[in-house]
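Peer 1: With the input below, show me the fold.
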Amino acid sequence: MKTPRAGFTLIEMMAVVAVIAILALIAVPGIQDRVVREQIVEAMHVAEIAKAPIAASWAFSHTLPADNAAAGLPAADKIVGNDVTSLVVEAGAIHVTFGNRANAAIQGKTLTLRPAVVQDAPVVPVAWVCGHATAVDKMTAMGTDRTDVAVRFLPLNCRALP
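Peer 2: Next up, the predicted model:
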């Protein structure tokens, strides 16, 4: 009389491990993209220090600062954060360069925030256009977009509408 065996065979265990490995390989790229997007969103907090002086310049003089000094900010390489190596103001646009602890996929890449203004109404508050996005109707985005971060990493509000 044979006694029944309990447990799994080696082949059954290998099949389960293979299925788990395939599922993990499918999930990893999505997780990396999410981590990079979170780093970009967190890095945008560094850009907040430049937004107020640029908006004030537009409201008071109807001009945008040409560079960091005109905006009353320190040199570009002095404005840093965990994921940011520099912040450059150029014709009102804010160019944030990623580095330090940022993911390798965005190291050395730049994301631009451009001020969107109503040309003939300086009392209208400045809105900010992120990356490849376009300004809303009746507003004009000022400055040059130098964004070179891959589109898949950009938060939704930084992508161009189709």
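Peer 1: partner residues bridging residue 111?
Peer 2: With DSSP bridges as the criterion, residue 111 is bridged to residue 96.
Peer 1: Now for it: which residues touch it?
Peer 2: Residues counted as contacts of residue 111 (C-beta atoms under 8 Å, 6 or more residues apart in numbering) are 40, 43, 44, 95, 96, 98, 130, 131, 147, 149, 154, 158. All C-beta spots, glycine's among them, are computed from the backbone N, C-alpha and C.
Peer 1: let's see 7 Å
Peer 2: 40, 96, 131, 147, 149 (C-beta atoms under 7 Å, 6 or more residues apart in numbering).
Peer 1: what do you get for residue 96?
Peer 2: 43, 46, 47, 84, 87, 110, 111.
Peer 1: which stretches of the chain have low pLDDT?
Peer 2: Scanning the chain for pLDDT under 70 picks out 1, 162.
Peer 1: ok, back up a step: which ones among the contacts of residue 96 lie within helices?
Peer 2: Of the positions in the contacts of residue 96, 43, 46, 47 sit in helices, assigned by DSSP state H.
Peer 1: possible to save these as JSON lines with neighbour count?
Peer 2: Below are the ones in helices among the contacts of residue 96 laid out as JSON lines (neighbours: other C-beta atoms under 10 Å):
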{"residue": "43", "neighbour count": "22"}
{"residue": "46", "neighbour count": "18"}
{"residue": "47", "neighbour count": "21"}
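Peer 1: in the chain, which residue is closest to the centre?
Peer 2: residue 40 (3.3 Å; C-alpha atoms, centre = their mean).
Peer 1: Which of the three states applies to it?
Peer 2: What DSSP: H, G, I helix; E, B strand; the rest coil gives for residue 40 is helix.
Peer 1: I'd assumed residue 155 was in contact with it.
Peer 2: Yes. The pair residue 40 and residue 155 passes the contact test of C-beta atoms under 7 Å, sitting 6.3 Å apart.
Peer 1: Nearest residue to residue 91 in space, please, no chain neighbours.
Peer 2: Of all residues not flanking residue 91 in the chain, residue 143 sits nearest, at 4.7 Å (C-beta to C-beta, 6 or more residues apart in numbering).
Peer 1: Could you do residue 41 as well?
Peer 2: Leaving aside its sequence neighbours, residue 41 sits nearest to residue 155 (C-beta to C-beta, 6+ apart; 5.9 Å).
Peer 1: gap between the one you found and residue 94?
Peer 2: Distance of residue 155 to residue 94, given as C-beta to C-beta, to the nearest Å: 15 Å.
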